[in-house]
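Trainee: Any chance you can model this:
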Amino acid sequence: HSAAIPASYMEDEHLRVTMYRKIAQATAETEIDRLRDELRDRFGPVPEPLDRLLKIARLRIIAAGKEFQSIEVQGEKIMMMRQKDYIMPGGKFPRLKSADATSRLDELIRIARAL
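Mentor: Numbering: from 1, shown residues only. Alright, predicted model coming up:
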């Protein structure tokens, strides 16, 4: 499943590149919230691929705040590293329960916030 700004949502290529830059440069969750509001106001309801892109940006911001070096998902297993050690609450890797990409991102965000 893609995480992108569909051309059908935002036709102007220059605007899309500018928005990608704004999303990539966001350093706080409030910035992601503001960008989502701006997109909705200017272009209408946020399509799923763009929603996933914003969730990935949010996860990146949370992970940076928690000093994670990496987050990797293999199947249902979530492998997160901080200070070169895997984060294993209760001695095991957290597991994803959702099947679809958007719900899995929501789960990753919740788990990352809790650690």
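
Trainee: Determine the three-state secondary structure at Lys97.
Mentor: Look at Lys97: counting by DSSP: H, G, I helix; E, B strand; the rest coil, its state is coil.

Trainee: For it, give its distance to Val46.
Mentor: Distance, Lys97 to Val46, by C-beta to C-beta, to the nearest Å: 24 Å. Where you see a C-beta, it was placed from the backbone N, CA and C, and this is true even at glycine.

Trainee: quick one, what contacts the residue positioned nearest the centre of the chain?
Mentor: Geometric centre of the chain, nearest residue: Ile56, 1.5 Å, by C-alpha atoms, centre = their mean. In this structure, Ile56 makes contact with Ala3, Leu105, judged by C-beta atoms under 8 Å, 6 or more residues apart in numbering.

Trainee: and it, what element?
Mentor: helix 48-65 (DSSP states H and E).

Trainee: For this structure, give me the ranges with low pLDDT.
Mentor: For the chain, not a single residue meets the criterion pLDDT under 70.

Trainee: how about the helices in it?
Mentor: For the chain, helices defined by DSSP state H occupy the ranges 13-25, 29-43, 48-65, 101-114.

Trainee: hey, which of the ones you listed is tucked in deepest?
Mentor: helix 48-65 (a mean of 18; mean count of other C-beta atoms under 10 Å).

Trainee: Just the CA atoms of that helix, as PDB, please.
Mentor: Below are the C-alpha coordinates for helix 48-65, written out as PDB (Å, rounded to 0.1, in the frame of the first residue of the first chain):
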ATOM      1  CA  GLU A  48      -5.800   6.900   2.400                       C
ATOM      2  CA  PRO A  49      -2.300   7.000   0.700                       C
ATOM      3  CA  LEU A  50      -1.800  10.500   2.100                       C
ATOM      4  CA  ASP A  51      -3.200   9.500   5.500                       C
ATOM      5  CA  ARG A  52      -0.600   6.700   5.600                       C
ATOM      6  CA  LEU A  53       2.200   9.200   4.700                       C
ATOM      7  CA  LEU A  54       1.100  11.500   7.500                       C
ATOM      8  CA  LYS A  55       1.000   8.600  10.000                       C
ATOM      9  CA  ILE A  56       4.500   7.500   8.900                       C
ATOM     10  CA  ALA A  57       5.700  11.100   9.500                       C
ATOM     11  CA  ARG A  58       4.000  11.100  12.900                       C
ATOM     12  CA  LEU A  59       5.700   7.700  13.800                       C
ATOM     13  CA  ARG A  60       9.100   9.200  12.700                       C
ATOM     14  CA  ILE A  61       8.600  12.100  15.100                       C
ATOM     15  CA  ILE A  62       7.500   9.900  18.000                       C
ATOM     16  CA  ALA A  63      10.400   7.500  17.400                       C
ATOM     17  CA  ALA A  64      12.900  10.400  17.300                       C
ATOM     18  CA  GLY A  65      11.500  11.700  20.600                       C
END
